[in-house]
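Asker: okay, here's the prediction I keep looking at, along with the sequence it came from:
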Amino acid sequence: MEALIIPALGTSAVLAATVLVLVWDRRCRRHVAALADLSPRILVTGTRGKSSTVRLLHAVLRAADRAPWGRVTGTVAEELAPTGATEPVVRTGQHSVLELFATVRRARAAGARSLVVECMAVNPELIALTQRGIIAAGVALVTNARADHLEDQGLTPAAIAVSNAAVAEGARVVVTAEHDPEVLATLRAGIGGYGAACVTVHGDWLPAAVRARVPDEHPDNVAAVLAVAALLGIHADTALEAMGSGSHEPLARDPVTDRITVGTTTHTFVNLGSINDPESTRTALDALDPRNTHESPGASSRTGARRPFRIAIVHSRWDRPLRSIEFAAFLERREFDRVLLTGAAYRPMRRILHQQGFARREVRPLRTWSAITAGALVRRLRRLRPTGPDVLVVQMANVESTTAVRIERALARRRSRPDQVHP
């Protein structure tokens with residue numbers, strides 16, 4: 001009996017493997033055919049500014065009548081149709097670069113003639129796979145190399161530049177807005193190793209008149225998009241005019257702000273959005289409150305404004321422990337009066353904050369609730385005993401933080417209600 005079963009199982013396995021190979025071959029052929037109908041194809045990677053750059057490129061290609069299909073995976077995962085409409089990406093299970101096969105399929109079905117995609121991968125092997133095996137872009141763009149995704153890309157910006165250089169495999173040219181001379185030299189060497197040309201741009205090189213035409217976009221992103229437009233034969237005036245009409249990342253222009261008053265104290269909640277590295281967070285904080293950080297709460301600054309009592313809510317991700325530690329080392333006692341921590345990295349972050357000069361009572365956990373109300377959040381903040389009539393609460397989160405999402409939903413429910421919460 002066993003002698004009959006074993007050959008039967010072997011035959012079934014061979015048949016199943018053969019069917020899988022044939023199905024995969026058919027899908028690959030369809031994918032290659034779809035790519036042939038999409039030209040140019042542009043792949044954007046880097047640390048900061050990827051999603052905004054993809055949106056700008058999509059707007060420029062639309063203005064040039066290239067019927068582009070775009071994909072971003074920043075604050076939200078969306079696809080951008082040739083009409084300019086945005087379509088949310090429905091994702092089930094673990095996120096994967098294999099999602100891009102469906103993106104190419106949808107682009108072809110929608111009648112798109114060009115493609116611009118944000119690279120989902122951060123691991124250098126997966127970046128190379130995305131470029132070589134899925135998108136096969138002729139033009140690639142590396143926005144910059146910052147200290148983020150340390151677990152996957154390396155512990156220094158130079159190491160991260162080496163990882164991002166993998167996007168050059170098979171590309172003709174790579175545009176980058178990286179500024180740091182050492183990091184740029186490493187990036188250029190990596191790109192050259194793949195046989196691609198490297199075009200370097202800088203936002204500061206743009207004339208004032210050009211920057212004035214796109215005042216709400218980062219100059220580096222504008223410069224990079226103009227360089228790509230020139231490579232594609234699109235006039236700079238067409239590109240600049242189009243950039244002002246493109247879609248925008250949520251929270252990209254102004255952080256969401258909520259104010260809740262309890263008695264004589266006003267709590268101002270600000271969500272900085274999806275933050276990934278200390279340098280970008282520093283820029284966001286300076287734009288939010290440029291007043292002297294050395295002053296005590298309630299004191300008047302040189303501008304005559306009173307400095308609010310500052311509370312930072314820092315959300316850590318279990319899969320990004322090095323990022324969490326990096327942010328804890330970034331926070332300074334002179335700038336924040338209290339820190340609330342959420343997520344799996346609470347203990348190491350608390351230890352580092354104590355080394356930064358925060359007392360034990362000044363660093364507290366913010367427990368995760370299945371549901372939270374704005375009133376309950378304010379009551380939790382009042383237990384920190386803030387001084388002065390104004391309290392500034394700054395959320396530093398990433399898109400994967402469950403607690404951050406719950407807090408935002410609670411505040412969103414308050415936005416259509418009176419601005420008074422009973423303690």
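Answerer: Thanks, I have it.

Asker: all contacts plus neighbour counts: C-alpha atoms, from now on.
Answerer: Noted.

Asker: which elements pack onto the helix or strand hosting residue 14?
Answerer: Using DSSP states H and E, residue 14 maps to helix 2-36. Counting contacts by 3 or more CA pairs under 8 Å, 6 or more residues apart in numbering; DSSP states H and E, helix 2-36 packs against helix 99-109.

Asker: buried residues, the helix it packs on. List them.
Answerer: 100-101, 103-104, 106-108 (16 or more other CA atoms under 10 Å).

Asker: and the helix or strand containing residue 394, how far from the chain's centre?
Answerer: Element membership for residue 394, per DSSP H and E: strand 390-397. The chain centre lies 20 Å from the centre of strand 390-397; the measure is CA atoms, centre = their mean, to the nearest Å.

Asker: and whichever helix or strand comes after that strand, what does it pack against?
Answerer: Where DSSP H and E defines the elements, the next helix or strand beyond strand 390-397 is helix 402-414. Counting contacts by 3+ CA pairs under 8 Å, 6+ apart, helix 402-414 is packed against helix 374-382.

Asker: and the helix it packs on, C-alpha only, in CSV?
Answerer: What follows is helix 374-382, C-alpha atoms only, in CSV (Å, rounded to 0.1, in the frame of the first residue of the first chain):
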residue,chain,number,x,y,z
ALA,A,374,-10.4,63.6,24.8
GLY,A,375,-11.7,64.2,28.3
ALA,A,376,-9.8,61.1,29.7
LEU,A,377,-6.7,62.2,27.9
VAL,A,378,-6.8,65.7,29.4
ARG,A,379,-7.4,64.2,32.9
ARG,A,380,-4.3,62.1,32.4
LEU,A,381,-2.3,65.2,31.4
ARG,A,382,-3.5,67.2,34.4
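
Asker: could you pull up the mean pLDDT of that helix?
Answerer: For helix 374-382, mean pLDDT is 84.

Asker: only the buried residues of it, if you could.
Answerer: 374-375, 378, 381-382.

Asker: looking at the buried residues of helix 99-109, which is nearest residue 153?
Answerer: residue 100 (21.2 Å; CA to CA).

Asker: I'd assumed residue 131 was in contact with that closest one.
Answerer: No. Taking CA atoms under 8 Å as the definition, residue 100 is not a contact partner of residue 131, at 10.8 Å.

Asker: re the thing from before, angle of the helix holding residue 14 against helix 99-109?
Answerer: On the basis of axes from the mean of the first three to the mean of the last three CA atoms, to 10 degrees, helix 2-36 is oriented at 50 degrees to helix 99-109.

Asker: buried set for helix 2-36?
Answerer: Neighbour counts over helix 2-36 (16+ other CA under 10 Å) mark 31, 34-35 as buried.

Asker: and these as a markdown table, adding distance to residue 409?
Answerer: Formatted as a markdown table, these follow (distance: CA to CA, whole Å):
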| residue | distance to residue 409 |
| --- | --- |
| 31 | 39 |
| 34 | 40 |
| 35 | 40 |
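
Asker: need these in JSON lines with distance to residue 65 and pLDDT, can you?
Answerer: What follows is those, written out as JSON lines (distance: CA to CA, whole Å; pLDDT from 0 to 100):
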{"residue": "31", "distance to residue 65": "23", "pLDDT": "88"}
{"residue": "34", "distance to residue 65": "19", "pLDDT": "89"}
{"residue": "35", "distance to residue 65": "18", "pLDDT": "91"}
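
Asker: of those residues, which is the nearest to residue 58?
Answerer: Scanning the buried residues of helix 2-36 for proximity to residue 58, where the rule is CA to CA, the winner is residue 35, at 17.0 Å.

Asker: would you check that that closest one makes contact with residue 138?
Answerer: No. Between residue 35 and residue 138 there is no contact under CA under 8 Å: 11.4 Å.
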